[in-house]
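Participant: The following comprises the amino acid sequence and a computationally predicted model.
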Amino acid sequence: MKPEHDARFRRIAEDFLERPGGDYAELLRRGRVSSPEGADPEAWRAQIRAQARADKIRVITLRDGDRAIAARHREIPEDQELAELSRELGRGEVLRGLAQRARTLGHEISRWLRHDTESIAICPRCGFRIYARFDAAAPVIDGEALDDACPRWFAE
Ligand SMILES: [Zn+2]
């Protein structure tokens, strides 16, 4: 992985793990946040919603298995809705393709951590990583998990 992508990967992962301003601050900064490991997702949702209500900020919260996700509800101008939707679909398509490519190398890529235009993922078995950025016409992609086979593939 290129040094600048490595630096971004670490920064995104550290921000996520440390959450210096708490989950609500993360939501405001990032536009999206998911409940931490071990938190009661319903209590977490209620707390985020209460804070957002107090600030008169519109949020959407939803359940994703044993986690909850909160996202800011952004007003998108009508003429940009389709472009936005198609960008998001394209991004999802690219990420699915990257996960698939890593899986053929034996890695386990089951979820992505998103930070604005960037997404990162890690194979929990070997720690190999993927970095993707979507702020240009062509996505920037990098990571050991896309080029090298999972060293723990046959270990289990
Ligand atoms: Zn792996």
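Facilitator: Everything's here; your move. Numbering: from 1, shown residues only.

Participant: where along the chain do the helices fall?
Facilitator: For the chain, the helices defined by DSSP state H cover 3-18, 22-30, 41-54, 78-104.

Participant: Domain map for the protein?
Facilitator: 19-72, 78-146 (automatic domain parsing).

Participant: Of these, which is nearest the ion?
Facilitator: Among the domains of the chain, domain 78-146 comes nearest to the ion, with 3.1 Å by CB to the ion. For the C-beta atoms, the positions are set from N, CA and C on the backbone; glycine is no exception.

Participant: hmm, the closest one in reach of the ion?
Facilitator: Yes - judged by CB under 5 Å from the ion, domain 78-146 comes into contact with the ion through 107, 123, 125-126, 128.

Participant: And those residues, which of them are buried?
Facilitator: Burial by neighbour count, judged by 16 or more other CB atoms under 10 Å, picks out 107, 123, 126, 128 from these.

Participant: hang on, the first one packs against residue 129?
Facilitator: No - with contact defined as CB atoms under 8 Å, residue 107 does not count as touching residue 129 (9.7 Å).

Participant: Need the residues touching each of these two.
Facilitator: Contact with both residue 107 and residue 129 is made by residues 123, 145, according to CB atoms under 8 Å, 6 or more residues apart in numbering.

Participant: Max pairwise distance over the residues of domain 78-146 next to the ion: which two?
Facilitator: 125 and 128 (8.6 Å; CB to CB).

Participant: Need the residues touching each of those two.
Facilitator: 107, 150.

Participant: averaged over its residues, what pLDDT does stretch 91-103 have?
Facilitator: Average pLDDT, stretch 91-103: 95.

Participant: Adjust the sequence numbering to begin at 13 for everything that follows.
Facilitator: All right, first residue 13 from here; so that's stretch 103-115.

Participant: In it, which residues are buried?
Facilitator: Buried-residue list, stretch 103-115, by 16+ other CB under 10 Å: 103, 106-107, 110-111, 113-114.

Participant: wait, isn't residue 133 in contact with residue 156?
Facilitator: No - using CB under 8 Å, residue 133 is not in contact with residue 156; the gap is 11.5 Å.
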